[in-house]
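> The amino acid sequence is not available; the structure is as follows:
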């Protein structure tokens, strides 16, 4: 189903300004719902996605530290905005500005997550996000183990946020989401 070894095509798919990708997952990140736009960009069918981890569309050039920050934020009950590069089934990619929120049940516990993704600001990606993500990937890839890679990437992001006296969401908005 998900071929992590499929070659990257370096072909970018772009969302139109009025397109919105929507997914809902359970607390473990398995897809429970996706809209037609998701399937159009991801290149998968509903049968290939429902009940499968959302990381089926994870691009190998996305820093793990960004996903750790995302998961830590939403598991803590807060929303997050983040630029994400996704990988389609055929190896194409598509950048999105993701807004991920927890869904709460009647007893106020988190029962899943909801993500809306829209067309990103490509100037922000080119000028700020790609350089940051390239730096994070370099840090992560130079670490001795996956655990050390994640810790080093996370430290870099947190140090950056501390130096700017901003949260991650504040940084995203300061860049012009």
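Okay, I see it. If you're wondering where the values come from, they're calculated on a predicted model, not measured in any experiment.

> Strands of the protein, start to end?
Here the chain has its strands, by DSSP state E, at 20-25, 31-34, 80-87, 93-104, 110-118.

> Need the winner for burial among the ones you listed.
Highest mean neighbour count among the strands of the chain (mean count of other C-beta atoms under 10 Å): strand 80-87, with a mean of 22. Glycine gets a C-beta too; all of them are placed from N, C-alpha and C.

> Between the strands of the chain, which one is closest to residue 159.
When those are compared by C-beta to C-beta, strand 80-87 sits nearest residue 159, at 17.8 Å.

> so the closest one versus strand 93-104, what angle?
With axes from the mean of the first three to the mean of the last three C-alpha atoms, to 10 degrees applied, the angle from strand 80-87 to strand 93-104 works out at 140 degrees.

> Residue 90 and residue 61, how far apart?
16 Å (C-beta to C-beta, to the nearest Å).

> ok, now residue 33?
As judged by C-beta to C-beta, residue 33 and residue 61 stand 27 Å apart.

> In JSON lines, list the strands of the chain along with distance to residue 159 and mean pLDDT.
As requested, these are exported to JSON lines (distance: least, C-beta to C-beta, whole Å; pLDDT from 0 to 100):
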{"stretch": "strand 20-25", "distance to residue 159": "30", "mean pLDDT": "98"}
{"stretch": "strand 31-34", "distance to residue 159": "33", "mean pLDDT": "98"}
{"stretch": "strand 80-87", "distance to residue 159": "18", "mean pLDDT": "96"}
{"stretch": "strand 93-104", "distance to residue 159": "23", "mean pLDDT": "97"}
{"stretch": "strand 110-118", "distance to residue 159": "27", "mean pLDDT": "97"}
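
> got those strands as a markdown table, with distance to residue 68 columns?
Shown next, in a markdown table, are the strands of the chain (distance: least, C-beta to C-beta, whole Å):
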| stretch | distance to residue 68 |
| --- | --- |
| strand 20-25 | 17 |
| strand 31-34 | 20 |
| strand 80-87 | 11 |
| strand 93-104 | 13 |
| strand 110-118 | 15 |
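
> For residue 12, find the nearest of the ones you listed.
Using C-beta to C-beta, the nearest of the strands of the chain to residue 12 is strand 93-104, at 5.8 Å.

> name the helices or strands packed onto the closest one?
Strand 93-104 is packed against helix 64-75, strand 80-87, strand 110-118, with contacts defined by 3 or more C-beta pairs under 8 Å, 6 or more residues apart in numbering; DSSP states H and E.

> Of all those, which one comes closest to residue 172?
Nearest to residue 172, of all the helices and strands packed on strand 93-104, is strand 80-87, at 4.6 Å by C-beta to C-beta.
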